[in-house]
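[1] Quick check, what structure comes out for this input:
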Amino acid sequence: MEQEEKKQKFKIPIGLIFNIFIIALTIFLIVYFIFSEDGLIDLINSGLEINIWWILTAVFVHLLNIAIDATIIYIFVKQSVHDVKIKTAAKASMVGQFYCAITPSSTGGQPMQVLMMSRSGIKGSVATSALIQKFLVWQFTLAVYCIVAVAARFSFFKEHLDTYMWVVSAIGFAAQIIMLVVLLLASFAKNFTKKISGGFLRLLGRLHILKNADDKIAGLNDTLESFHESNKALQKNKPLLIKAYVLTAIQMTAFFLVPYCIAMSFKIPDLNIFDMLCAQSYVSMVSSLVPLPGGSGAAEYCFSTFFMAYISAETMKSAILIWRTITYYGTIMISLPFSGIKKKALPDEKAENEN
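    Model prediction:
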C-alpha cells in the first residue's frame, strides 16, 4: 500500500509533460531562427537594411485582424443580448486569441470564451450559439478562400507541393468539408442532430467514458435550441449575415498580408501579392491540422516551402521568426493580460447584459 501511495504521489501528469515539450519546442525554434546559420544574428551582421515601416505595417494588419475578430463576436452576441458592450466582445476576442494559441489545434479558445462571457452575465447557451455561428462563417470563408486560391493559382501550388503535401491538402479540405457539414446539420436539422449527439453521449456514458451523460445531453440540447433559434434569426437578417462574411474575408486577408509586409521590409523585388495571399491561406489551413499549439513546426515548414520563391535562403529564417513573433508569440503577449477570468459577474454587469 505504501509503495502504491508513493507511486501515485510521484506520478507526472501527461498534460505537464506535453506542456514541457511544447515550451521546449518553442524555445528551440526561437533559438534556432536567431542563432543558426543565416539566422537573425547573421542577418543583422550582414548590414542588410530592413524597412521598419513595413514591419510596423505587418503589426498593424495583424492588430486589424484581432479588432475585426472582436467586432464579429459583438455583432453575433448582439442578436440575442442587445445591450452587450463592445468591451465585452473585445475581451472575449483576446481570451480566445490567448487560449487558441496555447492549446492543441486551438481547442481551448471557444470554451474559455464561453466561460468568460457567461461570467460577464451572458447566458452560456447564447455565448456558445454566437461562437458557433462565428465559427461556421469562419470555416466556410476559409474553405472558399483556399479553394479559390488553389483554383486561381494551380500552377503555383503544383510547383511548390510534393506528393506528401498534396495528401495533407486533401486531408485539410476534407476536414473543412466535414466540419461544415456538421455545423450545417446543427443549423438546419436540429432534431436529427439531437438524436445523433444524444445517442453518442449515451454510448460514452454506458462505456463509463463520460460521467453524467444525461446532464451533458440536456446541456447540449439547450445549446442546440439556442443555436437553432439564433440561426433562424440570422438567416432572416441578411444584411447582418453579409456583413459577417465580408468582415471575416477582410479579417483573413489582413492576417494573410503579414508575410507580404515582411517580404517588402526586406526590399524583395517583383513580389506578387496575390500569390502570397494564396500561399498564406494554404499555410493557415495546413498548420491548423497539426495537434500542437500554434501548429508549431508545421507552420514554419509550410511558410518556408511556399515563400522560398520570394524570400532568399539568407533571409528566410529571419522572415519566419519575425512572422511568428508578430502572429503567434506577440499575440500571446498582448492577450496574456486578458487570460485571467473572474469568478462571477458583478451585479451592474449582469444588469447591462441581460436581454
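[2] any idea of the mean pLDDT for the longest helix anywhere in the chain?
    Secondary structure of the chain per DSSP state H: the longest helix is helix 124-152. Helix 124-152 carries an average pLDDT of 83.
[3] downstream neighbour of that helix in the secondary structure list?
    helix 154-160 (DSSP states H and E).
[4] by contact count, what packs against the following helix or strand past that following helix?
    Using DSSP H and E, the helix or strand that follows helix 154-160 in sequence is helix 163-188. Under the contact criterion of 3 or more C-beta pairs under 8 Å, 6 or more residues apart in numbering; DSSP states H and E, the helices and strands touching helix 163-188 comprise helix 124-152, helix 190-206, helix 213-236, helix 273-287. To be clear about C-beta, it is placed using only N, CA and C from the backbone, and glycine gets the same treatment.
[5] Tell me the gap between helix 163-188 and the middle of its chain.
    Relative to the chain's own centre, helix 163-188 is displaced by 16 Å; criterion: C-alpha atoms, centre = their mean, to the nearest Å.
[6] Okay, residue 159 and residue 284: tell me how far apart.
    For residue 159, the distance to residue 284 equals 20 Å [C-beta to C-beta, to the nearest Å].
[7] now residue 321
    Shown here: residue 321 relative to residue 284, a distance of 18 Å by C-beta to C-beta.
[8] do residue 50 as well
    Distance of residue 50 to residue 284, given as C-beta to C-beta: 25 Å.
[9] if I pick residue 94, what's in contact with it?
    66, 70, 334-335, 338 (C-beta atoms under 8 Å, 6 or more residues apart in numbering).
[10] so residue 243 sits in a strand?
    No: Residue 243 is assigned helix when assessed by DSSP: H, G, I helix; E, B strand; the rest coil, not a strand.
[11] Tell me the predicted confidence for it.
    On pLDDT, residue 243 comes in at 91.
[12] ok, it - how many residues close by?
    Residues near residue 243, counting by other C-beta atoms under 10 Å, number 14.
[13] thinking it is in contact with residue 76, fair?
    No: counting by C-beta atoms under 8 Å, residue 243 does not reach residue 76; the two are 10.5 Å apart.
[14] circling back to that earlier point, between residue 50 and residue 284, which has more neighbouring residues?
    Neighbours were counted for residue 50 and for residue 284 using other C-beta under 10 Å; residue 284 has more, 20 against 16.
[15] Does the more buried one touch residue 141 like I think?
    No: checked against C-beta under 8 Å, the pair residue 284 and residue 141 is beyond contact range at 11.6 Å.
[16] List the buried residues of stretch 309-326.
    Residues of stretch 309-326 classed as buried by neighbour count (16 or more other C-beta atoms under 10 Å): 310-311, 315-326.
[17] of the residues you listed, closest to residue 267?
    residue 315 (10.2 Å; C-beta to C-beta).
[18] ok so, going back, which neighbours do residue 284 and residue 141 share?
    residue 252.
[19] circling back to that earlier point, deepest of the helices and strands packed on helix 163-188, which one?
    Of the helices and strands packed on helix 163-188, the one with the most neighbours on average (mean count of other C-beta atoms under 10 Å) is helix 273-287, at a mean of 21.
[20] any low-confidence regions in the stretch 201-350 of the chain?
    Confidence mapping of the stretch 201-350 of the chain against pLDDT under 70 gives the ranges 208, 210, 213, 223, 226-227, 230, 233-234, 289-298, 340-350.
[21] Same check on the stretch 1-150 of the chain?
    Looking at the stretch 1-150 of the chain by pLDDT under 70, you get 1-23, 25-26, 28-30, 32-48, 105.
[22] CSV for the contacts of residue 94, including neighbour count and secondary structure?
    Compiled in CSV, the contacts of residue 94 are given as follows (neighbours: other C-beta atoms under 10 Å; DSSP: H, G, I helix; E, B strand; the rest coil):
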residue, neighbour count, secondary structure
66, 20, helix
70, 19, helix
334, 14, helix
335, 21, helix
338, 17, helix
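[23] Reformat the residues you listed as TSV; add distance to residue 89.
    Formatted as TSV, these follow (distance: C-beta to C-beta, whole Å):
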residue	distance to residue 89
66	12
70	5
334	16
335	14
338	12
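[24] Put together a markdown table for the buried residues of stretch 309-326, with distance to residue 165 on each row.
    A markdown table is the format used below for the buried residues of stretch 309-326 (distance: C-beta to C-beta, whole Å):
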| residue | distance to residue 165 |
| --- | --- |
| 310 | 18 |
| 311 | 18 |
| 315 | 23 |
| 316 | 18 |
| 317 | 21 |
| 318 | 24 |
| 319 | 20 |
| 320 | 18 |
| 321 | 23 |
| 322 | 24 |
| 323 | 19 |
| 324 | 20 |
| 325 | 25 |
| 326 | 25 |
